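I'll drop the sequence and a predicted model, then ask my questions.
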Amino acid sequence: MRRGQLTVLSAVLLIIGLVVGIVIGYFAIPRGPSESDIQKIIAERDQLKAKVQELMNSLKPGEVTVKVWTIGPDPPSEYRLKNIEIAADILNSMLKTLGANVTVKVEGEFFVRPVEWAEYKNKFYLDYQAGKAPDIYLTGHEDIGFLAENNYIIPLDDYVNQYWDVVYYDVIKTLWDAVKYKGKIWGIPQDTEARPLYFRKDVLRALGWSESEIENLPKKIRDGEFTLYDLLELAKEAKDRGLVERGILHRVKEGYDYFQFYLAFGGRLWDPSSGKMVFTEDAWRKTLKWFYDAVYEYGVISPNQFSGDWDNDFHLPFTEGRALFLSGGTWHKGEWIQKGLLTEDEFNNNIGYALHPAGERGGKPVTLSHPLVYTITKLAVDRGVADVAFLLITIATDPHLNSYHSVQSSHLAILYSQISDSRYTKDPFLHDVAYMLDYTTFIPNHPKWGDYSRIVFNILRAVETGDLGPEDAFNELRSEIQSELGDAVIFE
Amino acid sequence: MSKVLLKERIRRFYRGYLAVFLVPSMLFIGIFFILPVFLTFLIGLTSMDYSFRWTWVGINNYIKILSDRWASKILFNTFFYVFSTLALFNVGLALLISIATTHISDVVGSIFRGIWLLPRITPSTVYALLWLWAARGEGSSLFNWLAGFLGFTPIDWKLRYPWLLVILVNGFVGTSFGMIIFTAALKSIPEDYIRAAKVDGASTLQIIRHIELPLIKWPLLFVTAYQTLSLFTSYEYILLVTNGGPGLYTTEVWALYSYHLAFAQYGGIVKFGYGAALATVLVVIGVIMSIIYLKMFRFRELMSEPKIEVM
């Protein structure tokens, strides 16, 4: 090739390369936010700035301390507190920019195991009497009824309206139902979750399942083609063939997870029109029978499961592949990774997740959500820090900050914009389980829900240990709920 | 004023003056011993919960206890737990260890008794956890490993024999108290009695039966009475080991039931009123047991003069 031709060819190739590069660049490089998005963000910031300015004028110069209590009890949920601390840093820099002579200090506590929910709540109520309770109190949404009835917390409707355009328009709509009691808003959602049924793909492979069959299991469950009794059959097969020591694991202490089985058999927990709790007789009968069968007919749940310990009877048998199914929560994935029980790769290769199957063929599969909420106590009002406390919650209710929490602890988004947040979207697990929220139920915000829950736990534990047969258990459950809760429950 | 009258007045003043010194301790007893019982009784007449409202309900809580479907089972559990632990360990084994270790060399005896003090000084959660590990269902757990030597297949001890576990856990802790008291009592028996018996040709068993046991009768009765009352109100280790389970109130005792209802509910619902009424019943049982022991063991006589000569 002559030199001139080579030059022309190089020039042509260069031009083609440039054109191709420009075209690729045009499509591949993320474009910035649209003009309307930018205007929206500016408007939000301006509103926030105005609120901060308003607040600044109402505060006396000096340091304002806001006391905050949060709980895991799983350690990865530390951003429940950290985000409030970050919010305080942001607020302080805003105040500084505005030339205010005020700083905000967060005095926070994040409780983890061995502190459990009961102790945490106990401490709150007792400390409240001593005037030492926090200004911001994170708790389960189901406590709102009792806290509101007894003036421990304040309604937040006015605040939410004030800051609606700053962030609250963005809160996933169904979550507002979980924080309302008697028509008012009493808490700001901090996170939510789904409770998946985890399964070991490697065990299913050993059972002879093909990859496509394994990948299709969540869909079969979603379509109601794989029921709770199919679950027992499959767990029994794996156990009989010596592939696992245990078939199904569920939580080892009192909680709310096992109500999913009742929901799967068509039970209802709450009647929205009357605000009462519900006892669906047929569903409870079937649920108790299912648990009895699981332990004594199929031998796939240990009779001592409710007396076990978290590591040896829940996490380890599953993460080590000694159990086929685990009825858990999305946050357990975060816990397994953080504790080093599984790597991301091991999780992706060997663990699958689905809804809890329907009780009967054609029924609806279920999951249960238990949003945690930030509440503001009456003490915060007495101490004159309620406005600052709410502003901290508002700043912490941010798609980026909340996504730190979601990704680290495997909890689900509370804001629509979070779903497209870069951190959030990078987590395939959170993406995959998002659909479960279409199948979710909340536990009732009823002041006597704790009694309902306690009675169910005692009876269920007795069924598993063999103290009560399914029919006796049903009769005991019904009569105890009736005598303890009477009119607060609808029997149907 | 006569001299006698003056003396009398001074004496009275002096007595009054001395009584002032009793005020701090009386206050202490009033605030920390009598007031809690009184408050418990009062709260038992309310439906108090986390709202901390004094809503008076009269004797409703006590009527509820009578109709509580689990009360009779829990009461039976309580008596079973108290008297089994007492007979087998807190008095039975404590006595056995004391006698055995005072009949061997002092050094070995002291070491042996020191070992028996370890459960008492181990933090309760750590101690309970060790037992839970030992009793697990896997073949590798301590209980199953030992049972394996005898040809038994592994079992979940907590599920199959929860009472055995509860009594063992409490008993190993409770033994030390009686052991110390009995050992001290045995050591304070004058050596002359033992020597005289030996000269008369008495065997060790005869010495124990006819000399030592009759001479430590009072400490024996004291430990029995004290430990009965103490066991009635104890629940710490049961809480840690079985939490009243594994089945339906299988190992739930009265004090634990009261604790569960008053303080430890997952859902955050508590029943201070009902829990306090249950605790009041426990106080009443304690008082009745105390009266029985006082009458049966003639405590007045016990307190009047030392029954064992101090060397």
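Yep, that arrived. Note that the coordinates shown come from a computational prediction; the quantities given were computed from them, not determined experimentally. Numbers count the residues shown, from 1 in each chain, chains lettered A, B, ... in the order given.

Retrieve the pLDDT associated with residue 247.
Picking chain A for this. With respect to pLDDT, residue A:247 scores 96.

Wait, chain B was what I had in mind.
We have a pLDDT of 85 for residue B:247.

I'd like to know how many residues surround it.
Residue B:247 has 24 neighbours, counted by other CB atoms under 10 Å in any protein chain shown. Glycine gets a C-beta too; all of them are placed from N, C-alpha and C.

Just confirm it contacts residue A:466, I think it does.
Yes - with contact defined as CB atoms under 8 Å, residue B:247 counts as touching residue A:466 (7.2 Å).

mind checking how far stretch B:80-99 is from the chain centre?
11 Å (CA atoms, centre = their mean, to the nearest Å).

Span of it from start to end?
One end of stretch B:80-99 to the other measures 26 Å (CA to CA, to the nearest Å).

buried ones in that stretch?
Of the residues in stretch B:80-99, B:81-82, B:84-86, B:88-95, B:97-99 count as buried by neighbour count, 16 or more other CB atoms under 10 Å in any protein chain shown.

Tell me the pLDDT of the closest residue to chain B within chain A.
Ranked by CB to the nearest CB, the top residue of chain A for proximity to chain B is residue A:450, at 2.3 Å. Residue A:450 carries a pLDDT value of 86.

tell me which parts of chain B are close to chain A?
B:50-52, B:69, B:132, B:136-137, B:156, B:158-159, B:242-243, B:245-250, B:263-270 (CB under 8 Å from any CB of the partner chain).

which non-adjacent residue is nearest residue A:292?
residue A:470 (4.4 Å; CB to CB, 6 or more residues apart in numbering or on different chains).

swap in residue A:431?
In this structure, residue A:431 finds its nearest non-sequential neighbour in residue A:425, 6.6 Å apart by CB to CB, 6+ apart.

and stretch A:426-446, what's its mean pLDDT?
86.

Off-centre distance for it?
Using CA atoms, centre = their mean, the offset of stretch A:426-446 from its chain centre is 7 Å.

Could you tell me the end-to-end distance of that stretch?
Using CA to CA, the two ends of stretch A:426-446 sit 37 Å apart.

again with stretch A:325-336
Counting by CA to CA, you get 15 Å between the two ends of stretch A:325-336.

For residue A:309, give its distance to residue A:316.
Per CB to CB, to the nearest Å, residue A:309 is found 10 Å from residue A:316.

And for residue A:249?
Separation of residue A:249 from residue A:316 (CB to CB) stands at 10 Å.

So for the two, which sits in the more crowded spot?
The residue with more neighbours, out of residue A:249 and residue A:316, is residue A:249; 25 against 15, by other CB under 10 Å.

pretty sure that one contacts residue A:327?
Yes - contact criterion CB under 8 Å: residue A:249 and residue A:327 qualify, at 7.0 Å.

For stretch A:207-220, buried residues please.
Using 16+ other CB under 10 Å as the test for burial, stretch A:207-220 gives A:207, A:209, A:214, A:217, A:218, A:220.

can I get the CA coordinates of that stretch in CSV?
Output of stretch A:207-220 as CSV, limited to C-alpha atoms (Å, rounded to 0.1, in the frame of the first residue of the first chain):
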residue,chain,number,x,y,z
LEU,A,207,-32.7,-33.3,44.3
GLY,A,208,-32.5,-33.3,40.5
TRP,A,209,-34.2,-30.0,39.8
SER,A,210,-33.0,-28.3,36.6
GLU,A,211,-31.8,-24.6,36.7
SER,A,212,-35.0,-23.5,34.9
GLU,A,213,-37.2,-25.4,37.4
ILE,A,214,-35.3,-23.7,40.3
GLU,A,215,-35.6,-20.3,38.7
ASN,A,216,-39.3,-20.9,38.1
LEU,A,217,-40.1,-21.8,41.7
PRO,A,218,-40.8,-18.2,42.9
LYS,A,219,-43.2,-17.8,39.9
LYS,A,220,-45.0,-21.0,40.7
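
Just the mean pLDDT for that stretch, thanks.
pLDDT averaged over stretch A:207-220 gives 95.

cool, stretch A:400-409 as well?
The average pLDDT within stretch A:400-409 is 90.

With stretch A:119-135 instead?
92.

Contacts for that stretch next, please.
Contact with stretch A:119-135 is made by A:66-69, A:71, A:73, A:109, A:111, A:137, A:139, A:143, A:152, A:376-377, A:379-380, A:383, A:385-386, A:389, B:50, B:52, B:263-264, B:268, B:270, as judged by CB atoms under 8 Å, 6 or more residues apart in numbering or on different chains.
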